[in-house]
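S.K.: need coordinates for the below:
(chains A and B)
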Amino acid sequence: MLASFQTLFADALLNPDQPIPRGIIAHNAAVQRRFAVYRNNVVAGLVKALENRFPAVEKIVGEEFFAAMARVFAMAQPPRSPLLAVYGDGFPAFIAAFEPARELPYLADVARLEAAQTRAYHAADAMPVGPDYFAALDSHAVGDILIDMHPPTEIVCSSHPIVTIWAMNSGERKLAPIENWHGEDALVSRPYLEVEVRALPQGGAAFLLALAEGRPLSEAAETALADDPDFDLTGNLAGLIGSGLMRNIIVPEPESCEQP
Amino acid sequence: MFRASSLPACTGVGFKPAHFRDILAAAQPVGFVEVHAENYMGAGGPPHAQLGALCERYALSVHGVGLSIGSMRPLDRDHLMRLKMLCERYAPESFSEHLAWSSHGDIYLNDLLPLPYTRQTLTRVAQHVDEVQTALGRQMLLENPATYIRFSESTIPEVDFLTEVSSRTGCGLLLDINNVFVSAMNHGTQPLPYLDSFPLDRVKEIHLGGHDKEADDAGVPLLIDTHGSPIAEAVWTLYAHVIARTGPIATLIEWDNDVPDWSRLRAEAVAAQTILSGASRASAAWER
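M.R.: As a prediction, this is how the structure comes out:
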C-alpha cells in the first residue's frame, strides 16, 4: 500500500462526499456500512473530546446543538496532535464566528474560560510562595518587586458575566436570571492540584496581566488604576498573596549610588 | 539488548481517574494498571500526581493509541520523544501499541485504522517497530486490531503478518481476544483457528474488553469494538481456551466508555483472575 492510499482513505473519512477508496472489501459486500464505522468513530471521538473539554458550553446550547457545532469544527480543524485532552484551542474562535450561535455572544468567552481550565489542569507543577514570603519583604522595596507567576495561571477577560454564566452551567451555582449584566474577567489558576476559577475585582485583570508581563508591582498598580479608577490595590494584593499565584518574588538589587 | 516487557502474569485494569480512590483504598485483585500514554503527556497536574501514586502500588503498562505505527509515512518523532520521556519518568513494565494507523500527514484521525497486509506494509511496520524500540530502549508489544473491512490487495494473513513483524524486530505481541472475536464475526471467519495459529509464545499481554452488536444493511451482525460493556461470554470462552494452552499471562480488562463503578470493573478482574489461577493450579499439578 502506498502512502497515497492512506491519503484517499483519510480524505474519505473526513469528507462523507468522497468515495470510499477502491480495494476495500467486506465479506457480505456491505462496504458502505462498514466504512461508516470508521467515519463515525473519527467524528464521534472528536465530538466527545470537545464535550469533555467544554461541558459548560454544551450545557448552555444543549447536546444536539453542541454536537452539530463540534462536528463542523472537527471537519474544518481536525486535531494536529494525538493529545486529545487539549484538542480545541481553536474552538472558542470558531464559536465566535459560528453564525448559528450568534444569539449567544458570551458563548465564545465561556469556551475560552473552559479552554484555559484544561491548560491549567495539565500545566507544569510548581510550589507557590506563601504569605510569609511576602511579609518578610523590606517595605521600601515592595514597589520594585517582580512576580514570577505560577505556570497554570490564565486570565480571560470578557464584556459578559462569564464567570457567573460558567458557574451556573457547571453545577457550581444554581441557574438563575442574571440581574446585573456586566463584564467579568476570569482568573483560572491551579495553585496545587485543583483548578480554580474566580471573577477578578475591578482592575484586577490589568494588574495581573502587567505583573505577568514582568512589570514591577508599582507600575502594575498604576496600569490597573489607569484601567479602572476603582482599582483597590490592598484588596488585589491580598488576593494575589492568598491565591497561590506566585511561583517566586524577585527583589531587584538596589542600584548603588555611593560615592567612592 | 532492549529491556524486555515484564508485566506480572495476573489481571490488570485500564485505569480511569473515577476509580482512583477505590483502587488505592484497599487490596485489590489487580496486579497492574494500564494507562493510555497520550493522557499523561502534559507537563504536570493531577494526571501525573495520580499516576505517581498508582506506580507505588501497582506494576504499570503504558499503552499508546496515537503513534500510528501502521502509517506508510514516517513516524512522528515529536510524539516518539514524548513517549520516551513518559517511559523514562515512570519506567513502566510494558509499553504497547497497535497494528494500525491513526495519523496522516499532520492530521490526527483519532481512530485505529486498518492497513492491507502485504510485503510492502510488513517492511514498513517492522521498520517503525524497530524505530520505536530503539528510541525507547525497550521491547514493545504490538496489538492485533479489531477491523470492519478488509483489503483486496492483502496477501498475508493477519497472524502471519504479526508473527513476521515479531520475529524480524523481537517485539512481543499483545493479544486482544475481543478484537479477534470482533474481526472474525465481521469477516465471517472463525476465531478459534485464528487463535490456534497465533504465536502464543510471543504473547506478553492479553486484552479483554466489551463490544457492541449491531447489524449492517444486509442484516449481517456487525460488531463494534467499543470497550463500553461487559466482556462477552464467547470472549471469556476463547480466553479460557488460550490460558489453558499458555498458562497465566498478564491480562487486562479494558472498559473505556460508559465507565462503570469500581465494583463492576473489579468483578470482571476477579473473573479473569479465576481463570488465571485455575491455569496456575493446573500447571502446578503437571509439575508435581
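
S.K.: now the helix or strand of chain A with the lowest mean pLDDT, how far from the centre of its chain.
M.R.: Least confident element among the helices and strands of chain A, by mean pLDDT, DSSP states H and E: helix A:131-135 (a mean of 81). Counting by CA atoms, centre = their mean, to the nearest Å, helix A:131-135 is centred 29 Å from the centre of its parent chain.

S.K.: what sits against the closest residue to A:Ala124 other than its chain neighbours?
M.R.: Spatial nearest neighbour of A:Ala124, excluding adjacent residues (CB to CB, 6 or more residues apart in numbering or on different chains): B:Ala43 at 3.8 Å. (C-beta placed from N, C-alpha, C; glycine too.) Listed by CB atoms under 8 Å, 6 or more residues apart in numbering or on different chains, the contact partners of B:Ala43 are A:122-125, A:151.

S.K.: keep only those of those that are in helices.
M.R.: Under the assignment DSSP state H, the contacts of B:Ala43 contribute A:His122 to helices.

S.K.: any chance of the contacts of B:Ala43 in TSV, with distance to B:Pro47 and neighbour count too?
M.R.: Converted to TSV, those look like this (distance: CB to CB, whole Å; neighbours: other CB atoms under 10 Å in any protein chain shown):
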residue	distance to B:Pro47	neighbour count
A:His122	7	22
A:Ala123	11	20
A:Ala124	12	13
A:Asp125	11	16
A:Pro151	15	17
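
S.K.: so which residues on the stretch 101-250 of chain A come close to chain B?
M.R.: Proximity of the stretch 101-250 of chain A to chain B, by CB under 8 Å from any CB of the partner chain, involves residues A:120-125, A:151-152, A:190, A:193.

S.K.: pick out the most distant pair among those residues.
M.R.: Maximum pairwise distance in these, criterion CB to CB, is 13.5 Å, between A:Pro151 and A:Leu193.

S.K.: against which helices or strands is the longest helix along chain B packed?
M.R.: In chain B, with assignment by DSSP H, the single longest helix is helix B:262-287. If you count contacts as 3 or more CB pairs under 8 Å, 6 or more residues apart in numbering or on different chains; DSSP states H and E, helix B:262-287 packs onto strand B:11-14, helix B:233-246, strand B:251-254.

S.K.: and the second one, what's its mean pLDDT?
M.R.: Which is helix B:233-246. Regarding helix B:233-246, the rounded mean pLDDT is 97.

S.K.: ok, B:Lys204 - contacts?
M.R.: B:Lys204 touches B:5, B:7, B:94, B:141, B:172-174, B:249-250, counting by CB under 8 Å, 6+ apart.

S.K.: list the buried ones in the helix or strand harbouring it?
M.R.: B:Lys204 is part of strand B:203-209, with elements assigned from DSSP states H and E. Buried residues in strand B:203-209, counted by 16 or more other CB atoms under 10 Å in any protein chain shown: B:203-209.

S.K.: biggest separation within the residues you listed, which pair?
M.R.: B:Lys204 and B:Gly209 (17.6 Å).

S.K.: sorry, back to before: could I get the helices and strands packed on helix B:262-287 as CSV with mean neighbour count and distance to chain A?
M.R.: Formatted as CSV, the helices and strands packed on helix B:262-287 follow (neighbours: other CB atoms under 10 Å in any protein chain shown; distance: least, CB to the nearest CB, whole Å):
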stretch, mean neighbour count, distance to chain A
strand B:11-14, 26, 16
helix B:233-246, 17, 18
strand B:251-254, 25, 16
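
S.K.: could I get those in CSV, plus columns for distance to A:Leu8?
M.R.: What follows is those, written out as CSV (distance: least, CB to CB, whole Å):
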stretch, distance to A:Leu8
strand B:11-14, 33
helix B:233-246, 33
strand B:251-254, 31
